[in-house]
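*Asks:* What follows is a predicted structure for the sequence shown.
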Amino acid sequence: MKNTTLITGASSGIGKELAKIHAKTKGDLILVARSKDKLEQLKSDLENEFGVEVKVIAKDLSSQDAPNEIFEEVSEWGVEVDYLINNAGFGGRGKFHEREWTQDQAMINLNVMALTALTRLFLPGMVNRNKGKILNVSSTASFMPGPLQAVYFATKAYVTFFSNAIAEELRDTNVTVTNLMPGATETEFAKVSGMDKTSLFNKTVSAYSVAKDGYEGMLAGKLDVISGLTFSQKMMMSFIPFTPKKVMLSQVRKMQEA
């Protein structure tokens with residue numbers, strides 16, 4: 001395989017669009033998601049349309065052993081991963097003390113633990129070869145605390161700060177880490193998290209638009225890429241550092257309420 005990108009959460013939404021964008025460059029792909037059927041269909045579509053080689057790994061990344069199993073499988077193939085895109089993630093709405101703990105635990109395992117583990121597993125090879133790129137999909141939610149989505153917002157804050165920190169650690173190498181922060185995007189995420197019923201998702205951008213911004217930002221080695229914000233949302237983001245925290249918390253909570 002050549003110019004190989006591994007993408008998690010590749011069966012739909014931003015991940016699927018990232019796979020298409022990379023395939024158009026004639027780059028090969030390793031696609032990871034839970035649904036083997038969806039992955040196999042995407043593999044067939046990409047190979048037929050673009051003539052690239054695509055391998056699929058059906059794994060639930062909220063499982064503790066999944067990152068190691070993925071790394072071992074890729075290593076057995078003898079494939080070098082040039083680009084790692086940690087896209088898989090999910091959210092959930094409700095008061096923290098009322099939500100099912102197993103759901104939030106799985107969210108932490110996927111959004112934080114799997115992303116960190118895959119980065120740790122594949123990064124040393126990139127550093128040894130002195131080339132490679134990582135794209136971690138965070139969220140504009142990482143700018144603030146998120147009442148009624150406390151765990152989700154916190155996991156995305158982790159992704160942003162983790163990505164930025166290791167990007168600085170790698171500054172003297174040819175390996176880069178880019179942090180993608182989408183706003184409200186047209187994906188299955190909104191329905192799964194319950195956010196489709198809130199005002200925050202009244203205006204959304206296409207998954208393709210966000211994927212394109214993220215992919216191009218990754219190639220350019222950018223530190224942060226913000227994508228998919230309306231003008232009013234950009235204005236709101238610009239005022240966050242100057243807004244009293246209690247006022248901001250109240251505003252964010254209102255946006256999460258149905």
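*Replies:* Noted; the coordinates are in hand.
*Asks:* Next up, phi/psi of the closest residue to Asp224 other than its chain neighbours, please.
*Replies:* Nearest non-adjacent residue to Asp224, counting by Cβ to Cβ, 6 or more residues apart in numbering: Asn179, 5.0 Å away. For every residue, glycine as well, the C-beta is placed using N, CA and C. The phi and psi values for Asn179, taken as degrees, to the nearest 10, are phi -110, psi 110.
*Asks:* what's the burial count for Asn179?
*Replies:* 27 (other Cβ atoms under 10 Å).
*Asks:* Same check on the one 4 residues further on?
*Replies:* With neighbours defined by other Cβ under 10 Å, the count for Gly183 comes to 21.
*Asks:* How about the contacts made by Gly132?
*Replies:* 81-84, 122-123, 125-126, 174-176 (Cβ atoms under 8 Å, 6 or more residues apart in numbering).
*Asks:* Give me the distance between Tyr208 and Lys24.
*Replies:* According to Cβ to Cβ, to the nearest Å, Tyr208 stands 12 Å off from Lys24.
*Asks:* So those two - more neighbours on which side?
*Replies:* Tyr208 (17 against 12).
*Asks:* dump the residue contacts of the closest residue in space to that one that isn't next to it in sequence.
*Replies:* Spatially, and ignoring its direct neighbours in sequence, Tyr208 is nearest to Glu17 (4.6 Å; Cβ to Cβ, 6+ apart). Going by Cβ under 8 Å, 6+ apart, Glu17 touches 207-208, 210-212.
*Asks:* any chance of those residues in TSV, plus distance to Lys254?
*Replies:* TSV is the format used below for the contacts of Glu17 (distance: Cβ to Cβ, whole Å):
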residue	distance to Lys254
Ala207	26
Tyr208	30
Val210	25
Ala211	30
Lys212	31
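*Asks:* Go ahead and build a PyMOL selection from the buried members of the residues you listed.
*Replies:* To isolate the buried subset of those in PyMOL, counting by 16 or more other Cβ atoms under 10 Å, use the following:
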select buried, resi 207+208+210+211
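*Asks:* Neighbours of Met255, how many?
*Replies:* With other Cβ under 10 Å as criterion, Met255 counts 16.
*Asks:* Alpha carbons only: can I get the host helix or strand of it in PDB?
*Replies:* Met255 belongs to helix 245-256 when assigned by DSSP states H and E. Extracted as PDB, the C-alpha positions of helix 245-256 are listed here (Å, rounded to 0.1, in the frame of the first residue of the first chain):
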ATOM      1  CA  LYS A 245     -18.100  32.100  33.100                       C
ATOM      2  CA  LYS A 246     -21.500  31.900  34.800                       C
ATOM      3  CA  VAL A 247     -23.000  33.900  31.900                       C
ATOM      4  CA  MET A 248     -21.300  31.600  29.300                       C
ATOM      5  CA  LEU A 249     -22.500  28.500  31.100                       C
ATOM      6  CA  SER A 250     -26.100  29.700  31.100                       C
ATOM      7  CA  GLN A 251     -25.900  30.500  27.400                       C
ATOM      8  CA  VAL A 252     -24.400  27.200  26.500                       C
ATOM      9  CA  ARG A 253     -27.000  25.400  28.500                       C
ATOM     10  CA  LYS A 254     -29.800  27.200  26.700                       C
ATOM     11  CA  MET A 255     -28.300  26.000  23.400                       C
ATOM     12  CA  GLN A 256     -28.400  22.400  24.600                       C
END
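*Asks:* Brilliant, that's me finished.
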